[in-house]
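**Q** How does the following fold in three dimensions:
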Amino acid sequence: QVQLVESGGGLVQAGGSLRLSCAASGRTFRTYAMAWFRQAPGRKRDFVAAITANFGITYYADSVKGRFTISRDNAKNTVWLQMNNLKPEDTAVYYCAARSVPSGPPRVDDYWGQGTQVTVSS
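**A** Residues are numbered from 1 along each chain as shown. As a prediction, the model looks like this:
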């Protein structure tokens, strides 16, 4: 089992940047693929980006390709999401997930953090 804590959200103007962090507890972090999801009010939780446990292969939703970058450091039990050129439609609660499958929709066996709010003003 792994516990996750996100940080780094906030209010930013369109075109700005934020870097989200997700700190994981437990020695099994390096065995999990890690992903970021987001959920806007009234909408389902959507996949944003993921990185594999080994080799650091990354996956991105089309809406964030070229703007967001996911990375991880297994020695620090941490995964990051660098978000550049933010748009108002990026406004959502962002969740970190530890999972057995890198990409795709939420799964019943995913582990979740509590989320961090990102608000992008126009």
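**Q** Ala98 against Arg30, yeah?
**A** No - here Ala98 lies out of contact with Arg30, judged by Cβ atoms under 8 Å, at a distance of 10.6 Å. For the C-beta atoms, the positions are set from N, CA and C on the backbone; glycine is no exception.
**Q** what about the residue nearest in space to the middle of the chain, helix or strand, and which?
**A** Nearest to the mean C-alpha position of the chain, by Cα atoms, centre = their mean, lies Trp36 at 2.2 Å. Here Trp36, judged by DSSP states H and E, is contained in strand 33-39.
**Q** list the contacts for the residue nearest to the centre of the chain?
**A** Leu20, Cys22, Val48, Ala49, Ala50, Ile70, Val79, Leu81, Tyr94, Tyr95, Cys96, Ala97 (Cβ atoms under 8 Å, 6 or more residues apart in numbering).
**Q** Same check on Cys96?
**A** Leu4, Glu6, Leu20, Cys22, Met34, Ala35, Trp36, Val79, Trp112, Gly113 are the contacts of Cys96 under Cβ under 8 Å, 6+ apart.
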